[in-house]
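In: only the shape, not the letters, is given here:
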């Protein structure tokens, strides 16, 4: 049962870089540099955010759980690091970087050969408190999908005016 | 300007089949046959819906505008046709079918060599009334993206319980 869950997570995690690559690479910048309004992110920003997660969030937190258990809280995650790290990098470069980091992290995850009982290992989130390794893996997976929702929504809303009366049938525009 | 708009639409329309293929092909059925609750669609259902759109919605309506203008309203679109047409077909078969239909439709669209002034051509939607060819193309594009939002959201919500306390940080779960 546990390894079935792990396999399901990895089946999604392994394909996110290719999905974003297929959706975004070589698109006109009108699509990749648009936002949902002031203070919101572009698809380009989202890819940078996913890169920072690979570097500092998911696997580092998993390692903390395995090494320290709940005794050592995770380091806080910087949700805005991409605004410091991405400037000057092209979107294709970011997509390549995300793809490599994810591949390395999944190789590391597989090498851990996690056993069912380890999924119940406890950790401490700096804001949310007690969490499990299983919840961390589920969140890594759902977080990918949530940002794919976001990227597609940012792009769809770019045509809110363009679709004219059809906006009524497209709930994503609201 | 007009051809820029057309190019932008096609840049998205041309990659949607590959994006969905990358996201969904060979995923465990737990991901592709899940819904957001009673009466809602699976990712499998969405692909069937997109197929029906290629057959009866977008290019047929565009042809009606070019041939008849606003005089002939579009035929109503059956949003539920996939529940009649998809059963018995595998998801990979549906992904292949969508990809072929889209490729053929975009070849047909390019062959029309639409001129800027043609984007203002008028049509009549059976429920929404007067629309333009430009709005139809924008809606075809936004509709792809809206269903990519939907597929990713269906999948993310599958882990609503699994993510535990992290649900608070994932607005997609609400």
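Out: In hand now; what should we look at? All values derive from a computational prediction rather than experimental measurement.

In: now do the helices in chain A.
Out: In chain A, the helices defined using DSSP state H lie at A:2-13, A:16-24, A:29-32, A:43-56, A:58-68, A:82-85, A:91-112, A:133-157.

In: out of the ones you listed, which one sits most buried?
Out: helix A:133-157 (a mean of 24; mean count of other CB atoms under 10 Å in any protein chain shown). The C-beta positions use only the backbone N, C-alpha and C, and glycine is treated the same way.

In: could you check the angle helix B:133-157 makes with that helix?
Out: Put simply, helix A:133-157 runs at 170 degrees to helix B:133-157, going by axes from the mean of the first three to the mean of the last three CA atoms, to 10 degrees.

In: list the contacts for the residue nearest to the spatial centre of chain A?
Out: Geometric centre of chain A, nearest residue: residue A:144, 3.7 Å, by CA atoms, centre = their mean. Residue A:144 makes contacts with A:12-13, A:16, A:50, as judged by CB atoms under 8 Å, 6 or more residues apart in numbering or on different chains.

In: just the closest of those to chain B, please.
Out: Nearest to chain B out of the contacts of residue A:144 is residue A:12 (CB to the nearest CB; 6.8 Å).

In: surely that closest one touches residue A:141?
Out: Yes. The criterion here is CB atoms under 8 Å, and residue A:12 meets it with residue A:141 at 5.0 Å.

In: pLDDT below threshold where in chain A?
Out: Filtered on pLDDT under 70, chain A yields the residue ranges A:1-2.

In: nearest spatial neighbour of residue A:125, skipping sequence neighbours?
Out: Once flanking residues are discounted, residue A:125 sits nearest to residue A:131: 5.0 Å by CB to CB, 6 or more residues apart in numbering or on different chains.

In: bridging residues for the one you found?
Out: residue A:123 (DSSP bridges).

In: what residues are up against it?
Out: A:122-125, B:164-166.

In: same check on residue A:167?
Out: Residue A:167 sits in contact with A:160, A:173, where contact means CB under 8 Å, 6+ apart.

In: could you measure it against residue B:144, distance?
Out: Separation of residue A:167 from residue B:144 (CB to CB, to the nearest Å): 15 Å.

In: over to residue A:34?
Out: Using CB to CB, we find residue A:34 at a distance of 16 Å from residue B:144.

In: with residue A:87 instead?
Out: Separation of residue A:87 from residue B:144 (CB to CB): 30 Å.

In: thinking again about what came up before, tabulate the contacts of residue A:144 (TSV), appending distance to residue A:151.
Out: Listed next are these as TSV, based on distance: CB to CB, whole Å:
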residue	distance to residue A:151
A:12	15
A:13	16
A:16	11
A:50	10
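
In: for those, which one is nearest residue B:136?
Out: The closest of the contacts of residue A:144 to residue B:136 turns out to be residue A:16 (CB to CB; 31.9 Å).

In: does the closest one touch residue A:148 like I think?
Out: Yes. Using CB under 8 Å, residue A:16 is in contact with residue A:148, at 7.1 Å.
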